[in-house]
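Engineer: here is a sequence together with a model predicted from it:
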Amino acid sequence: EVLAAVREAFPADRPVGVRISATDWVTGGWDIADSVRFAQILEDVGCDFLDVSSGGISPDQKLTVAPGYQVRLAAEIKRHLRAMPVIAVGLVRDPQDAERIVRDGEADLVAIARGALYEPHWPWRAADELGVVLDYPHRYERARPDRWPEAFGRTRPPRGER
């Protein structure tokens, strides 16, 4: 009902997605099987994408937090969907890990939140480490990391740039 109401009120040419907590990490609580069923319902009623997170609401939760710890939840849900894009989260700090998650089909996109708050230049670093050639609008040339190494911690342009 909620998704249908949002869909009706929101412009039809814009995507509507849902962020879910795939498990509350509590024995007998909401789990991945519940989330798979919920995701399938969301896909059936026209949800455009699913952002998969987890827990954080109970002092009884049992989880081990480590880099990528929530990615397996997104991957499991994605396995049971027809085509709805799935977003993974969960301490994905390494650009190569983010690239692998998408390349291996565990998720369609990796969202970086706390990591970008902690390291605001994460996208610049990711582009460099993954060998992405960045195209800058002329008016932003001064913002290139190699122009301000003292601010960005860089002394050379990303690979492929001149």
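Structural biologist: Looks like it came in fine. Numbering: from 1, shown residues only.
Engineer: from here on, just use CA atoms for contacts and neighbour counts.
Structural biologist: OK.
Engineer: domains of the chain?
Structural biologist: Listed domain ranges for the chain are 2-118, 120-162 (source: automatic domain parsing).
Engineer: give me phi/psi at A88?
Structural biologist: Main-chain dihedrals, A88, degrees, to the nearest 10: phi -100, psi 150.
Engineer: can you tell me how far it is from I101?
Structural biologist: Noted for A88: a distance of 8 Å to I101, by CA to CA, to the nearest Å.
Engineer: do you know how far the closest residue to E129 other than its chain neighbours is from P67?
Structural biologist: Counting by CA to CA, 6 or more residues apart in numbering, E129 lies nearest to P95, which is 7.1 Å off, once chain neighbours are set aside. P95 sits 12 Å away from P67, going by CA to CA.
Engineer: what of S21?
Structural biologist: 18 Å.
Engineer: quick one: the strands in this structure?
Structural biologist: Ranges of strands in the chain, per DSSP state E, are 17-21, 49-53, 86-88, 109-110.
Engineer: for the chain, what's the longest helix?
Structural biologist: Identified as the longest helix of the chain according to DSSP state H is helix 32-44.
Engineer: tell me what angle that one forms with strand 49-53.
Structural biologist: 160 degrees (axes from the mean of the first three to the mean of the last three CA atoms, to 10 degrees).
Engineer: which parts of this protein are helices?
Structural biologist: Counting by DSSP H, the helices of the chain are 2-9, 32-44, 71-79, 95-103, 114-118, 122-129, 149-152.
Engineer: any buried residues in the third one, and which?
Structural biologist: Of all the residues in helix 71-79, those buried under the rule 16 or more other CA atoms under 10 Å are V71, R72, L73, A74, A75, E76, I77, K78.
Engineer: just curious, which of those residues is nearest to H138?
Structural biologist: V71 (37.6 Å; CA to CA).
Engineer: and the closest one, how close does it get to E150?
Structural biologist: The value you get for V71 to E150, if CA to CA is used, is 34 Å.
Engineer: which residue is nearest the middle of the protein?
Structural biologist: Residue closest to the mean C-alpha point of the chain, counted by CA atoms, centre = their mean, is A111 at 2.0 Å.
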